[in-house]
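**Q** the sequence and its predicted three-dimensional model are supplied below.
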Amino acid sequence: MTPLQTLKNRAGKVLLGHKEPSTEINLHIPSQFSGLVMKLVEKLQVAENTKREVEEKNMEDAERIRKKKEEERALCEERARKEEERIKEDEERRNREGLHKAQTMKKKKE
């Protein structure tokens, strides 16, 4: 969360704005508003933590989906490889049967 800084407008009113994170936070807030400001800061911290948790969950979900797609792709490739092997074996078997029939027909003619 970015720390708040105090700014004064031309009328001398104190405004709150954001600045880059630093190790030193220097706020000048009237005591009557300090409770409200602390509640606001707590809400902002909760919102930031929630946002971070949602981002982490989304990253985990994206990783899980990516892994699932990779597994499905590998499974499809394995099925395709097995199908190609089966087709090749069928062709070889048909060729052997065709040669065997041709040889038996040749012997019968003799």
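**A** Now that the structure is in, tell me what you want to look at. Residues are numbered from 1 along each chain as shown.

**Q** can you show me the strands along this structure?
**A** Assigned by DSSP state E, the chain shows strands spanning 4-8, 14-18.

**Q** in terms of mean pLDDT, which of those strands ranks lowest?
**A** Among the strands of the chain, strand 4-8 carries the lowest mean pLDDT, at a mean of 52.

**Q** neighbours of V37, how many?
**A** Number of residues near V37 (other CB atoms under 10 Å) recorded here: 14. Yep, even glycine has a C-beta here, placed from its N, CA and C like the rest.

**Q** model confidence for it, exactly?
**A** Note on V37: pLDDT of 81.

**Q** E110 now?
**A** Reported pLDDT for E110: 68.

**Q** cool, and A102?
**A** In this model, A102 is scored at 76, pLDDT.

**Q** and it, how close does it get to E89?
**A** Plainly put, A102 is 20 Å away from E89 if you go by CB to CB, to the nearest Å.

**Q** and what of V46?
**A** 64 Å.

**Q** and if you look at K101?
**A** In terms of CB to CB, K101 sits 19 Å off from E89.

**Q** pLDDT weak spots in the chain?
**A** The chain contains residues with pLDDT under 70 at 1-27, 110.

**Q** one more time with 90, if that's ok
**A** Applying pLDDT under 90 to the chain flags residues 1-42, 94-110.

**Q** which residues of it fall in helices?
**A** With DSSP state H as the criterion, the chain has helices at 31-109.

**Q** spatially central residue in it, please.
**A** Nearest to the geometric centre of the chain sits A62, at 2.0 Å (CA atoms, centre = their mean).

**Q** contact partners for that residue?
**A** If you count contacts by CB atoms under 8 Å, 6 or more residues apart in numbering, A62 has none.

**Q** what's the spacing between it and V54?
**A** Distance, A62 to V54, using CB to CB: 12 Å.

**Q** anything in contact with each of the two?
**A** Contact with both A62 and V54 is made by no residue, according to CB under 8 Å, 6+ apart.

**Q** V37 and R52, how far apart?
**A** Per CB to CB, V37 is found 22 Å from R52.

**Q** got it, and M59?
**A** Relative to R52, and taking CB to CB, M59 is found at 11 Å.
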